[in-house]
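# take a look and give me a structure for this.
(2 chains)
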2 protein chains.
Amino acid sequence: MKLKNDLFLRACKHQPVERTPIWIMRQAGRYLPEYRAVREKSNFLTLCKTPELAAEVTIQPIDIIGVDAAIIFSDILVIPEAMGMKLEIEEGRGPVFDHPIRTEDDAKHLLTISPEKDLKYVMDALALTKRELNGRVPLIGFCGSPWTLLTYMVEGKGSKTFSTIKKFIYHNPKLAHSILHKIADACALYLSAQLEAGANAVQIFDTWGGLLSPDDFKEFSLQYMEMVISKIKRKDQPVIVFSKGAHSSMKQLSKIGADVLGIDWTFDFEKTFKKYGTTVALQGNLDPTILYAPVEKIQVEAKKILDAVGNKTGHIFNLGHGIHPDVSPANAKALVDYVHSASEIIRRNTKSKK
Amino acid sequence: MKLKNDLFLRACKHQPVERTPIWIMRQAGRYLPEYRAVREKSNFLTLCKTPELAAEVTIQPIDIIGVDAAIIFSDILVIPEAMGMKLEIEEGRGPVFDHPIRTEDDAKHLLTISPEKDLKYVMDALALTKRELNGRVPLIGFCGSPWTLLTYMVEGKGSKTFSTIKKFIYHNPKLAHSILHKIADACALYLSAQLEAGANAVQIFDTWGGLLSPDDFKEFSLQYMEMVISKIKRKDQPVIVFSKGAHSSMKQLSKIGADVLGIDWTFDFEKTFKKYGTTVALQGNLDPTILYAPVEKIQVEAKKILDAVGNKTGHIFNLGHGIHPDVSPANAKALVDYVHSASEIIRRNTKSKK
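Sure, this is the predicted structure:
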């Protein structure tokens, strides 16, 4: 089916766009009353595993906020769960694995996944969402990076210091690498299956890459994302990598085969776009807390990013991190509306430089 | 009194050193059984406010770990407390202000401080520590950056999203700036008093600077640190600024009058030292979690940093963040010993390049 709005895909591929596409990380989420209404009736994991509900909340921000891409409602921890780890998502406490991985024996029990079977509910949700979207906007699939998944699998729950995973990799580097290989294989299979099931693009969330020193980042995160990307079966569907806080590794990140790099709000957008914006497309990077500000301030800050791009190709507007649950949907919509209208004017009025 | 070991001060001033000085952020802390023994007998604030006890735990790491500088045992929140805010430090919950600042009226109640009177216990602790150190190593005083203090004063307690402070600055920028001015004045007075009381250097901890986008960092953190530094009364005592996560603002930070910039472990040390190491001295930046690793790994990682410096001036070895409470003191000592011996050899064997 031909897409009625393919701005997002064109921006990912560095093709010309008449206005800048925008989507918002965690856009199908708690800040929307419509999401909370669905969520009241079922717990988080049930929501992920019921294609009709997942499709419903995935499409909500398209209708309500007007973003240019949908991202399938799911969780990065469905992979470890499919690999055999028992996952519980507790209200207010976040995800918990009762039996985190600590030893070689724990790791032996990790299963090889068949995404079409073990994660059929995601494929069904993608197919259903695709049908219901009816070509309005592209649909994004995703997974966590191998390093980020390993962090959860070893810590077992959220952490402030991440000392368990750090002790693990420093004392058992061989074991860590062997599990990272397994996870990378699972990620590649999973993303390939999502693309086959109808996703138009996929994003790898490397949420915890920024915990690592630059050398450790290369060793424990970067190379596995590169491995995943090299193994994904795809046609011309773009791959986005979002490695939060990876300031010191942008150069390396720009060379692992990702079409798009997400950058968080602590990056200087203008400089980063100048430096890397011709090698890869960039996605980002408005400070998510700017959505707490009055609309005029939101517009001023969004304009800085749009002005830095001018009429160049290769930018997808997004926040620099997930939208906070206490943001007003009106402000999110004001941002989307502004990016749409202002980028069109800026693109039209900027003399072509590229 | 002439210092027997002034390596730290010489490194801060970009003067030649025969070996690299090292100290460890949060070195007087919970990872030391000797600290925990003192701490068992009194709560955290009593410890800060009893000069004999503060001096005792300040000197512990000099005796036990062998670092090249002492940092006075205290807390950054003594300033807001001296400004009239009631502070409680609860075990396991961190510091709490029962009446955080939310309105203009709240801010009106903030007092102008006289450090020699209101924070006499800190000056007494410095003077006593100085006497007891007897010239063995220099003594560092410190304060929080105005932005970091404002964050605590408005949030009232620790936060994951920092939404309260962000809403505050976006909706009340004028009020935020007027409080930041007040805090900056207090910081300058406080640091001046500490230098007068015997501190050989001072460090400004900008723990939450990295929360901000580069533009907000300039507006709400950077300019106030510059203001503090310009107002400090000092002889040739160095000022260190540690702005965690301020990757995008290093250039600006190198120009605010600080002699030394601390960098966290996510910086590429070699590149950063090449780029900024002649403008300012650099302090850092071993990943604090490396101290969980076997000693050989600790040495390998420390050597990378020492090799990047060679025999150049302007480096103080430190962790890239505070030492974790569950680190073994033996590993901390192994790091200090290694930096001492290896840096001497590396400095001797490196052909002079500078």
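
# can you count the residues close to A:Met123?
The tally of other residues near A:Met123 (other CB atoms under 10 Å in any protein chain shown) stands at 22. To be clear about C-beta, it is placed using only N, CA and C from the backbone, and glycine gets the same treatment.

# name the nearest residue to it, sequence neighbours excluded.
Distances taken as CB to CB, 6 or more residues apart in numbering or on different chains place A:Ala197 nearest to A:Met123, at 4.1 Å, with adjacent residues excluded.

# which pLDDT value belongs to the one you found?
For A:Ala197, the model assigns a pLDDT of 97.

# was I right to think it contacts A:Tyr121?
No - taking CB atoms under 8 Å as the definition, A:Ala197 is not a contact partner of A:Tyr121, at 11.0 Å.

# mind checking which of these two has more residues around it?
Each of A:Ala197 and A:Tyr121 has its neighbours counted (other CB under 10 Å); A:Ala197 has more, 23 against 15.

# tell me who's in contact with the more buried one.
By CB atoms under 8 Å, 6 or more residues apart in numbering or on different chains, A:Ala197 lies in contact with A:Val122, A:Met123, A:Leu126, A:Ala127, A:Lys130, A:Gly141.

# ok, now how distant is it from chain B?
As judged by CB to the nearest CB, to the nearest Å, A:Ala197 and chain B stand 33 Å apart.

# contact residues of chain A facing chain B?
Residues of chain A lying close to chain B by CB under 8 Å from any CB of the partner chain are A:161-163, A:166-167, A:170-171, A:210, A:212-216, A:245, A:247-248, A:265-268, A:271, A:287, A:289-290, A:292-294, A:297, A:301, A:304, A:320, A:324, A:326.

# list the buried residues of the longest helix seen in chain A.
Counting residues, the longest helix found in chain A (DSSP state H) is helix A:173-196. Of the residues in helix A:173-196, A:175-177, A:179-180, A:182-196 count as buried by neighbour count, 16 or more other CB atoms under 10 Å in any protein chain shown.

# just stretch A:154-168 next, same as before
Of all the residues in stretch A:154-168, those buried under the rule 16+ other CB under 10 Å are A:Val154, A:Glu155, A:Gly156, A:Ser159, A:Phe162, A:Ser163, A:Thr164, A:Ile165, A:Lys166, A:Lys167, A:Phe168.

# what is the end-to-end distance of that stretch?
8 Å (CA to CA, to the nearest Å).

# what of stretch A:223-241?
13 Å.

# next one: stretch A:79-96
Start-to-end, stretch A:79-96 (CA to CA) is 14 Å.

# roughly how far is it from the heart of the chain?
19 Å (CA atoms, centre = their mean, to the nearest Å).

# so, low pLDDT: which residues of chain A?
Where chain A drops to pLDDT under 70, the residues are A:351-354.

# please enumerate the strands of it.
Listed in chain order, the strands of chain A (DSSP state E) span A:70-71, A:87-90, A:94-97, A:139-144, A:201-206, A:239-243, A:260-262, A:281-286, A:315-319.

# tell me which of the ones you listed sits nearest to B:Asp105.
Nearest to B:Asp105, of all those, is strand A:281-286, at 32.2 Å by CB to CB.

# whichever of the residues of chain A next to chain B end up buried, select them in ChimeraX.
To isolate the buried ones among the residues of chain A next to chain B in ChimeraX, judged by 16+ other CB under 10 Å, type:
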select /A:162,163,166,167,170,210,212,213,214,215,216,245,247,248,265,266,267,268,287,289,290,292,293,301,320,324
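
# now, which of the residues of chain A next to chain B lie within helices?
Those of these lying in helices (DSSP H): A:Ser163, A:Lys166, A:Lys167, A:Tyr170, A:His171, A:Pro214, A:Asp215, A:Asp216, A:Lys271, A:Lys297, A:Glu301, A:Lys304.

# just flag the most distant two among those residues.
Maximum distance among these (CB to CB): 47.7 Å, for A:His171 and A:Lys297.

# now for A:Ala176: which residues touch it?
Neighbour list for A:Ala176: A:Leu150, A:Phe168, A:Ile169, A:Phe220 [criterion: CB under 8 Å, 6+ apart].

# how far away is it from B:Met83?
47 Å (CB to CB, to the nearest Å).

# could you do A:Lys13 as well?
Distance from A:Lys13 to B:Met83, by CB to CB: 55 Å.

# more crowded one of these two?
B:Met83 (20 against 17).

# so who does the more buried one touch?
Contact analysis of B:Met83 by CB under 8 Å, 6+ apart lists B:Leu110, B:Leu111, B:Thr112, B:Ile113, B:Lys182, B:Ile183, B:Ala186.

# what's the answer for A:Ser341, then?
By CB under 8 Å, 6+ apart, the neighbours of A:Ser341 are A:Arg19.

# without its sequence neighbours, what residue ends up closest to A:Ala342?
Per CB to CB, 6+ apart, closest to A:Ala342 is A:Leu306, 5.7 Å.

# test my guess that the one you found contacts A:Leu335.
No - A:Leu306 is beyond contact range of A:Leu335, at 11.4 Å (criterion: CB under 8 Å).

# between these two, who's got more neighbours?
Per other CB under 10 Å, whichever of A:Leu306 and A:Leu335 has more neighbours is A:Leu335, with 26 against 23.

# so how far is chain B from the more buried one?
In terms of CB to the nearest CB, A:Leu335 sits 14 Å off from chain B.

# for A:Pro95, give the beta-bridge partners.
Assessed by DSSP bridges, A:Pro95 has beta-bridge partners A:Ile89.

# what sits against it?
Contacts of A:Pro95 (CB under 8 Å, 6+ apart): A:Asp75, A:Leu77, A:Leu87, A:Glu88, A:Ile89, A:Tyr152, A:Lys157, A:Gly158.

# out of these, which end up buried?
Members of the contacts of A:Pro95 classed as buried by 16+ other CB under 10 Å are A:Asp75, A:Leu77, A:Leu87, A:Tyr152.

# so which of the residues you listed sit within helices?
Using DSSP H, these in helices are A:Tyr152.

# nearest to chain B among the buried ones among the contacts of A:Pro95?
Set against chain B, the nearest of the buried ones among the contacts of A:Pro95 by CB to the nearest CB is A:Tyr152 (16.7 Å).

# pretty sure the closest one contacts A:Leu77?
Yes - between A:Tyr152 and A:Leu77 there is a contact at 6.1 Å, judged by CB under 8 Å.

# intersection of neighbour lists for these two?
By CB under 8 Å, 6+ apart, the residues touching both A:Tyr152 and A:Leu77 are A:Pro95, A:Gly144.

# list the buried residues of stretch A:28-41.
By neighbour count on 16+ other CB under 10 Å, the buried set for stretch A:28-41 is A:Ala28, A:Gly29, A:Tyr31, A:Leu32, A:Tyr35, A:Val38, A:Arg39.

# which residues touch the residue nearest to the second one when sequence neighbours are not counted?
What it means is A:Gly29. Closest residue to A:Gly29 apart from its sequence neighbours, by CB to CB, 6+ apart: A:Tyr35 at 5.9 Å. For A:Tyr35, the contact set (CB under 8 Å, 6+ apart) comprises A:Ala28, A:Gly29, A:Val57, A:Gln60.
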